[in-house]
Every structure is written in C-alpha cells, then in structure tokens.
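Engineer: Have a look; sequence and predicted model below, questions after that.
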Amino acid sequence: MELPPDLEPRRQVYQRDVKAALDHVLRWFARHGFPRKRAGIVDHVVVFGSVEQMKRRLARRFKMSPDKIPDTFSGTMHGKTLLVLRQEMFKKSYAALYPKLRWDAATYRRLMAHELAHRVHAMIATELFGTEDGMGPRWLFEGLAIVCAGQFPGAKEPYLTWEQLAERVERDKKGIQTYPIYKRMFRSLATSFPVEHLIRAAGKKGFFQQLKRDYLPWEHVLEHPSRRKPLGSVLLIHGSAPFNVNGRIPVPGLKSPYAKSEFYKDLSEALRAAGWSVLRYAKPGVHRGRLDRKAYALTDYALLARQLRSLWRFLPRGRPRLVFAWSEGSLHVRALPMSQVDGVVLLGGISTNIAVVVQAQGGPPPAALRKMLTPKKRTDMVGLDRPVGRLLDELAMSDNYSTFAPYRKLPVLVLHGAADREVPVDQARKWKTLLPGHRITVVEGKGRDHRFMLPGTYDVAELVRQISRWAQGAVLKPSR
C-alpha cells in the first residue's frame, strides 16, 4: 500500500478498510451466484494525498491529459491496483457532488467497495464473454457496483416504469448521469431480473430487447449460499396476505405478528445457511415500506400465476428445484410446470379447497360465499388479504390434491402446526388419504402455529430442520 507520508500513522486503518470492502464485495457476488477467491483481485493499493496528485498519476498511467480527469474523480481500478483519493479529500468531493446526502463512517469504505466491485465484475465478464465489454452498458455496471457497495443508503425511490427506465438509458448515451440515478435504474431492473441473470445476459446480443420484453416491476430476490455450492434452489410462494419481499405486511399500525416479523427473510437466510439458493418475491403492489392497495387489488389468480411462471425460469437448473408454498399459496403451485419441480413443501397448506378454509375462519358456507361475492367488483377487497377476483378464481378451482395426483413420484412434505388457527390441521391429515401411493410425508408440529412456530416466537429453526431432513432423504438422495 502506497500512502502519503502524513497518512503512515493510519496505515492499519486504511488496510482494514480495504480488507472490509473486499470481504463485502466477495460476499455480495457469492450471494448472487459468483463465488470468488481473494487471490488475484487486488495486490496493490495507492492512496493519493490530493486531487492534483491523483490526476497527474492517473494521466501518466492512462496516457491522457490531466485536464480530461474531473476534479471530482475519486477512485478507480487498473488491473490489480486500487487507486483512491484519501478520505478527507473524498469527503469534500462527496459533499460537492451530493450536498443533500449524509456522510457516515462507512461512506469511504463504500467507495473502495465500488471500485473493487468493478474489478470482480470485469473478471466475471471476461470469463463469460472473453472481454470486459461483457459487463454491459455503463448504466448497468455502474448501477451494479453502487448497489453492491451499498452506496447512498436511506430512503428508496419508487421503481421505474419501463418507459422511465428506457428514457434514462437513452439519456445515458449522451452523457454520464449521477450515481443515485444509476442506482435507481439497477434496483428497478433487479425487481424483474435476478442479479445473476443480469450479469450473465449483459454481454449477449439483444440484451436490452430481452429486458424490454420481460420487464415486470415486482420485487424479488434470488440469493445463493455464500460459502458453498448450492444443494439446489427453493421458490417461496406466498400465503394470502400482502407480504413484502421480506415477509412483512407493510401497513402502518396493523396489529398483527405479520406486520412485525420478516418471515420470508428469516426463512431465506436459514435455508441459505443450510445450503440452498432461495428466490423470494412480493406480489404486485406490495413494496418494502408501503402497500399500493389499488395495484394489489388486481392480484387475481391469473396475475399471480403469470408472476410465478416468470420467477420459475430464474431458478438455477442442474440441481434440484423445490417449491415452498405457504397456506393459500399451496393452491398456486399448479401455475408452475409441475414436471420440472423436484420437490414440494406445503406449510399450513390446503388439500381440498379454499371454501373449507374460509368457513373454518368464520366465513359463510361455499354457496353463501359465492352469492355474496358475485355482485361485487373483482377489485373489491375481502379483508386486507384477498381481492374478490382472486377468491372467486380459487373457489372455481378443483380440489388441490388433484394437482398432485398425476405426479406419484414427486416428493411432498406437508408441515402443519397442530395449533394452526388459520387452516384446519385436518387439511394436512387428508393428503395421504386422498393420494395413496404418493411420496408424501406429513409432520404435525405439536403446539405450533400457522408458521410452524411456537406462539409468540419468530424462530424458523424447527421449520428448516424439518425441510433439511426431508430433502436429504427424499430429494437429494431419493429412493427409487
């Protein structure tokens, strides 16, 4: 590490920052399907004492005039060398560029992470496409580096529509935009396409046309185990409520455990720790911090089925692909190409039909329910959870077990809390009776609730233990 003489007393601080930044970048890429070793990424660091010194050094290195380098330029990678401005000078530059944004203790380390993210991305692109040009257009690789580094934290703006995104792409052809705009562009794209897909597709011909064809601004996250090759992948299918991507209902003041906990995030992290890749998502209209009730009211079965089929194509192939469906989501498994599914986990699932569940929750009998719903608009709501259109669609479905009837060899794990007050536990007990000869395992959790947790707790450990034990015997080493 080259430091100005007056920074020598802080050498260890700078070394720790570089190490922390690199560790963060490696974890991020591993989580998105590109595990890398530290060796070969960076072997030299130069910290410049002033903007003028940096411009002169870069001009010599890149054989260009110093006047061509902006005064706000703060860092770059050249081969395995990281070149950055000292922290005090970067803080001044940051304040000039982003006067409304807050500086915090991690801002400088995020600068290092940004440049290191470019380096790792370039290495991956070269492996995939034979050239760093495979990183894709500037707006994409800059947005990726910003999101990877965690720059500009704080309030998040709404995702861009395709028209807004396309307009910014055109604008970028005429000149560099601000980094917060690049961040918003990449975050918007990552609602429709996993990061892994964007990296693998960016260098292909027709990349932008493919984005246009498949862009759907509903949020989802595909994450892989950080320290091992995945055993396989799991798609988490929602229950009835408007959960965000983390598994929380984003309605202020709602007195429900589902408004406080983050079930999907906790479950995803535990499954990843057990060796699985996990894809979780939010229904249309559901954002991390708010619920767009008008958009959510459109989520009938046809729209949710389209969403699930779109998500399914992003699950990595070549290893087992599982479906985890919770509660009402068990009715939506039928939207997937069942012949491609290697195993199904049903938590608090429904073996017969939604009418039985609605009645068990205190609702009217099936005939009375249909009579009540028929005069209403499909976008009217039944409580917070269900649009009328979706409930009518589900009432018209055949009993759920019939979806699984043709697939006798498909491993199915049915988990149900014996203390579940939302879906009667006898729905779990019927699976083996209705599908004799199928590979169905039923586990009732004594004292456990609709999430297979003990009441008042938020611990997913037992849920994941059951899934892991079942998968090891039924999916990873299936009996034939």
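Structural biologist: Happy to help now that I have it.
Engineer: show me the biggest helix of this structure in terms of residues.
Structural biologist: The longest helix of the chain (DSSP state H) is helix 107-129.
Engineer: buried stuff in that helix?
Structural biologist: Neighbour counts over helix 107-129 (16 or more other CB atoms under 10 Å) mark 107-125, 128-129 as buried. Using the backbone N, CA and C atoms, a C-beta is placed for each residue, glycine as well.
Engineer: what does stretch 207-224 give?
Structural biologist: Across stretch 207-224, burial judged by 16+ other CB under 10 Å covers 211, 215, 217-224.
Engineer: rewinding a little: got the CA coordinates for the longest helix of the chain in PDB?
Structural biologist: Presented in PDB, the C-alpha positions along helix 107-129 are these (Å, rounded to 0.1, in the frame of the first residue of the first chain):
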ATOM      1  CA  THR A 107     -19.000   6.100   3.100                       C
ATOM      2  CA  TYR A 108     -15.300   6.000   2.300                       C
ATOM      3  CA  ARG A 109     -15.200   2.200   2.600                       C
ATOM      4  CA  ARG A 110     -18.100   2.000   0.100                       C
ATOM      5  CA  LEU A 111     -16.000   4.000  -2.400                       C
ATOM      6  CA  MET A 112     -13.400   1.200  -2.200                       C
ATOM      7  CA  ALA A 113     -16.100  -1.500  -2.400                       C
ATOM      8  CA  HIS A 114     -17.500   0.200  -5.600                       C
ATOM      9  CA  GLU A 115     -14.100   0.100  -7.400                       C
ATOM     10  CA  LEU A 116     -13.500  -3.500  -6.200                       C
ATOM     11  CA  ALA A 117     -16.900  -4.500  -7.400                       C
ATOM     12  CA  HIS A 118     -16.000  -3.200 -10.900                       C
ATOM     13  CA  ARG A 119     -12.800  -5.400 -10.700                       C
ATOM     14  CA  VAL A 120     -14.700  -8.600  -9.800                       C
ATOM     15  CA  HIS A 121     -17.400  -7.800 -12.300                       C
ATOM     16  CA  ALA A 122     -14.800  -7.300 -15.000                       C
ATOM     17  CA  MET A 123     -13.200 -10.700 -14.200                       C
ATOM     18  CA  ILE A 124     -16.500 -12.500 -14.300                       C
ATOM     19  CA  ALA A 125     -17.400 -10.800 -17.600                       C
ATOM     20  CA  THR A 126     -14.100 -11.800 -19.200                       C
ATOM     21  CA  GLU A 127     -14.600 -15.400 -18.100                       C
ATOM     22  CA  LEU A 128     -18.200 -15.400 -19.600                       C
ATOM     23  CA  PHE A 129     -17.600 -13.400 -22.800                       C
END
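Engineer: Can you work out which other helices and strands pack against it?
Structural biologist: If you count contacts as 3 or more CB pairs under 8 Å, 6 or more residues apart in numbering; DSSP states H and E, helix 107-129 packs onto helix 11-31, strand 75-78, strand 81-85, helix 87-97, helix 138-149, helix 195-201.
Engineer: May I see those organised as CSV, with mean pLDDT, distance to residue 160 and mean neighbour count added?
Structural biologist: Formatted as CSV, these follow (pLDDT from 0 to 100; distance: least, CB to CB, whole Å; neighbours: other CB atoms under 10 Å):
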stretch, mean pLDDT, distance to residue 160, mean neighbour count
helix 11-31, 96, 22, 17
strand 75-78, 92, 27, 18
strand 81-85, 95, 31, 22
helix 87-97, 92, 22, 15
helix 138-149, 97, 11, 23
helix 195-201, 95, 15, 20
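Engineer: And those: which comes nearest residue 311?
Structural biologist: Between residue 311 and the helices and strands packed on helix 107-129, the shortest gap by CB to CB is with helix 195-201, which sits at 11.3 Å.
Engineer: what's the angle between the next helix or strand after that closest one and helix 138-149?
Structural biologist: The helix or strand immediately downstream of helix 195-201 is helix 207-214, counting by DSSP states H and E. With axes from the mean of the first three to the mean of the last three CA atoms, to 10 degrees applied, the angle from helix 207-214 to helix 138-149 works out at 70 degrees.
Engineer: Averaged pLDDT, helix 207-214. What do you get?
Structural biologist: Mean pLDDT, helix 207-214: 88.
Engineer: before we move on, what about stretch 269-289?
Structural biologist: Mean per-residue pLDDT for stretch 269-289: 94.
Engineer: what's near enough to touch the closest residue to residue 49 other than its chain neighbours?
Structural biologist: In space, residue 49 comes closest to residue 4 once its chain neighbours are excluded; the distance is 3.5 Å by CB to CB, 6 or more residues apart in numbering. Contact analysis of residue 4 by CB atoms under 8 Å, 6 or more residues apart in numbering lists 47-49, 86.
Engineer: that older thread, okay, and which of the buried residues of stretch 207-224 map to helices?
Structural biologist: Per DSSP H, the buried residues of stretch 207-224 map to helices at residue 211.
Engineer: In a markdown table: the buried residues of stretch 207-224, plus distance to residue 74.
Structural biologist: Converted to a markdown table, these look like this (distance: CB to CB, whole Å):
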| residue | distance to residue 74 |
| --- | --- |
| 211 | 30 |
| 215 | 32 |
| 217 | 32 |
| 218 | 35 |
| 219 | 31 |
| 220 | 33 |
| 221 | 30 |
| 222 | 32 |
| 223 | 30 |
| 224 | 31 |
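Engineer: one step back: hmm, which of the contacts of residue 4 is lowest in pLDDT?
Structural biologist: The member of these with the lowest pLDDT is residue 49, at 91.
Engineer: what about it, distance to residue 38?
Structural biologist: 27 Å (CB to CB, to the nearest Å).
Engineer: same check, this time on residue 65
Structural biologist: Taking CB to CB, one finds residue 65 at 35 Å from residue 38.
Engineer: With residue 409 instead?
Structural biologist: 43 Å.
Engineer: Residue 71 in helix, strand or coil?
Structural biologist: coil (DSSP: H, G, I helix; E, B strand; the rest coil).
Engineer: nope, residue 261 is what I meant
Structural biologist: Recorded secondary structure, residue 261: coil (three-state DSSP).
Engineer: and the two most separated of the contacts of residue 4?
Structural biologist: Maximum pairwise distance among the contacts of residue 4 (CB to CB): 7.6 Å, between 47 and 49.
Engineer: Quick check: pLDDT value at residue 156.
Structural biologist: On the pLDDT scale, residue 156 is placed at 68.
Engineer: Next: the one 3 residues further on.
Structural biologist: You'll see residue 159 listed with a pLDDT of 83.
Engineer: now residue 480
Structural biologist: Residue 480 is given a pLDDT of 42.
Engineer: do you know how far residue 344 is from residue 281?
Structural biologist: Distance of residue 344 to residue 281, computed by CB to CB: 17 Å.
Engineer: For this protein, which residues score under the pLDDT cut-off?
Structural biologist: 155-156, 217, 478-480 (pLDDT under 70).
Engineer: how's it carved up into domains?
Structural biologist: Domains of the chain are assigned by automatic domain parsing as 5-212, 223-476.
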